[in-house]
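K.L.:
no FASTA, just this:
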């Protein structure tokens with residue numbers, strides 16, 4: 001890592017800012033936000049029959065988005081000694097996009113997560129990891145702006161090295177300070193509100209919180225997408241720094257694979273559709289004993305399905321963690 005002499009150009013990084021990687025984030029975010037909006041509006045209209053297909057699809061796309069966001073942020077931090085601030089900033093924008101999608105999913109599927117404390121804790125853990133990584137990126141960006149190397153070809157780690165010569169202050173340095181600080185503070189506030197929303201049992205202002213939160217998350221996602229489209233070499237005509245090649249615009253195997261991963265949640269659609277088809281019992285060999293056995297198995301399956309439906313209806317809307325119960329409540333259990 002050289003923090004004294006900045007190179008004239010840096011190689012592209014298709015694994016972070018390639019056209020396939022960027023499109024997979026943007027398209028997934030658009031699909032997830034549309035599904036979230038449809039589910040929230042359906043709940044506002046008091047439609048009793050929930051859409052299992054859309055809920056499962058949204059859950060799959062949201063999981064894919066937040067796990068990919070955490071993964072790309074981890075890779076970016078591991079490569080901070082070679083990654084320039086230009087690529088570092090793009091990774092941060094993608095992480096904000098994944099965070100907005102996941103928070104929008106919480107607004108639509110909060111009831112599902114409340115019913116199972118394992119799912120709720122898993123979501124909260126992923127949100128916390130994403131928040132810590134995102135705040136770390138914001139601090140790196142602020143430090144690079146302070147040292148005047150946010151548009152330089154130095155590695156982003158050089159922002160913390162004393163031998164790095166400070167560059168001239170950018171004309172929009174004040175805007176960068178305010179904007180970056182506001183995004184970090186907003187992420188922390190949204191995380192706190194999301195945790196409260198997952199544990200809240202009151203119905204007061206429930207619809208208003210859903211509507212305002214969905215609009216806010218959509219604004220976050222649109223803002224991050226615009227910044228990526230404006231800066232990334234895959235879409236923009238010029239970049240803040242000079243790249244030595246055009247690898248981020250080429251459709252390599254890795255870029256096609258990133259876009260192809262968008263089809264993975266669609267396998268859930270086939271599973272749901274196949275599960276909803278009522279199949280006739282297999283034909284017997286013609287003996288009455290076989291027919292009676294098949295009929296008994298069918299009736300037994302219907303009874304078990306009925307019991308399962310009754311248990312689902314009696315299931316509480318919020319399942320507390322087993323560690324949160326008091327000692328007295330455990331002693332009084334029968």
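P.N.:
Good, I have the coordinates. Quick caveat, the model's predicted, so the values are computed rather than measured.

K.L.:
which of the residues in stretch 98-106 are buried?
P.N.:
Residues of stretch 98-106 classed as buried: 98, 99, 100, 101, 102, 103, 104, 105, 106 (neighbour count, 16 or more other CB atoms under 10 Å). The way it works is simple: take the backbone N, C-alpha and C, and place the C-beta from them, glycine included.

K.L.:
check contacts around the fifth one.
P.N.:
In this structure, residue 102 makes contact with 62, 65, 66, 123, 126, 127, 130, judged by CB atoms under 8 Å, 6 or more residues apart in numbering.

K.L.:
how about residue 173: what's its closest non-neighbour residue?
P.N.:
Spatially, and ignoring its direct neighbours in sequence, residue 173 is nearest to residue 145 (5.8 Å; CB to CB, 6 or more residues apart in numbering).

K.L.:
now residue 15
P.N.:
Using CB to CB, 6+ apart and skipping the chain neighbours, the partner closest in space to residue 15 is residue 254 (6.5 Å).

K.L.:
among the buried residues of stretch 98-106, which are in helices?
P.N.:
98, 99, 100, 101, 102, 103, 104, 105, 106 (DSSP state H).

K.L.:
wait, the residue nearest to residue 15 sits on residue 16?
P.N.:
No. Under the criterion of CB atoms under 8 Å, residue 254 lies out of contact with residue 16, with a separation of 10.8 Å.

K.L.:
these two: which is more packed in?
P.N.:
The residue with more neighbours, out of residue 254 and residue 16, is residue 16; 20 against 12, by other CB atoms under 10 Å.

K.L.:
that older thread, of all the contacts of residue 102, which comes closest to residue 206?
P.N.:
For these, the residue nearest residue 206 by CB to CB is residue 123; the value is 18.5 Å.

K.L.:
assess the claim that that closest one and residue 112 are in contact.
P.N.:
No. The criterion here is CB under 8 Å, and residue 123 misses it with residue 112 at 10.2 Å.

K.L.:
how much space between the residue nearest to the spatial centre of the chain and residue 125?
P.N.:
Among the residues of the chain, the one closest to the centroid is residue 66, at 3.0 Å (CA atoms, centre = their mean). Residue 66 is 11 Å from residue 125, where distance means CB to CB, to the nearest Å.

K.L.:
the residue nearest to the centre of the chain and residue 191: what is the separation?
P.N.:
Counting by CB to CB, the gap from residue 66 to residue 191 is 13 Å.

K.L.:
residue 257: what's its closest spatial neighbour, skipping adjacent residues?
P.N.:
The nearest residue in space to residue 257 (CB to CB, 6+ apart) is residue 20, at 7.3 Å.

K.L.:
using the three-state scheme, assign the one you found.
P.N.:
At residue 20 the chain is in helix, as set by DSSP: H, G, I helix; E, B strand; the rest coil.

K.L.:
residues near residue 251, how many?
P.N.:
Neighbour count of residue 251, defined by other CB under 10 Å: 12.

K.L.:
who's in contact with it?
P.N.:
Per CB under 8 Å, 6+ apart, neighbours of residue 251: 19, 20.

K.L.:
which strand or helix spans it?
P.N.:
Residue 251 belongs to no helix or strand when assigned by DSSP states H and E.

K.L.:
what pLDDT does the model give it?
P.N.:
Predicted confidence (pLDDT) at residue 251: the value is 86.

K.L.:
how near is it to residue 23?
P.N.:
Going from residue 251 to residue 23 by CB to CB gives 10 Å.

K.L.:
anything in contact with each of these two?
P.N.:
The overlap between the contact sets of residue 251 and residue 23 (CB under 8 Å, 6+ apart) is empty.

K.L.:
which stretches of the stretch 1-150 of the chain form helices?
P.N.:
In the stretch 1-150 of the chain, helices defined by DSSP state H, counting those that start in this stretch lie at 14-17, 19-44, 52-78, 85-114, 117-147, listed in chain order.

K.L.:
residues near residue 250, how many?
P.N.:
14.

K.L.:
cool, and residue 3?
P.N.:
Residue 3 has 18 neighbouring residues, counting by other CB under 10 Å.

K.L.:
which ones are touching it?
P.N.:
Neighbouring residues of residue 3 by CB under 8 Å, 6+ apart: 154, 155, 157, 158, 161, 163, 164.

K.L.:
okay, it: pLDDT?
P.N.:
Looking at residue 3, its pLDDT stands at 81.

K.L.:
how near is it to residue 217?
P.N.:
Noted for residue 3: a distance of 38 Å to residue 217, by CB to CB.

K.L.:
with residue 7 instead?
P.N.:
Applying CB to CB, the value for residue 7 to residue 217 is 39 Å.

K.L.:
residue 269 now?
P.N.:
Distance from residue 269 to residue 217, counting by CB to CB: 24 Å.

K.L.:
looking at those two, which is more packed in?
P.N.:
Legend: neighbour count by other CB under 10 Å for residue 269 and residue 217, higher for residue 217 (25 against 14).

K.L.:
can I assume that one is in contact with residue 96?
P.N.:
No. The criterion here is CB under 8 Å, and residue 217 misses it with residue 96 at 10.4 Å.

K.L.:
any buried residues in stretch 179-186, and which?
P.N.:
Using 16+ other CB under 10 Å as the test for burial, stretch 179-186 gives 180, 183, 184.
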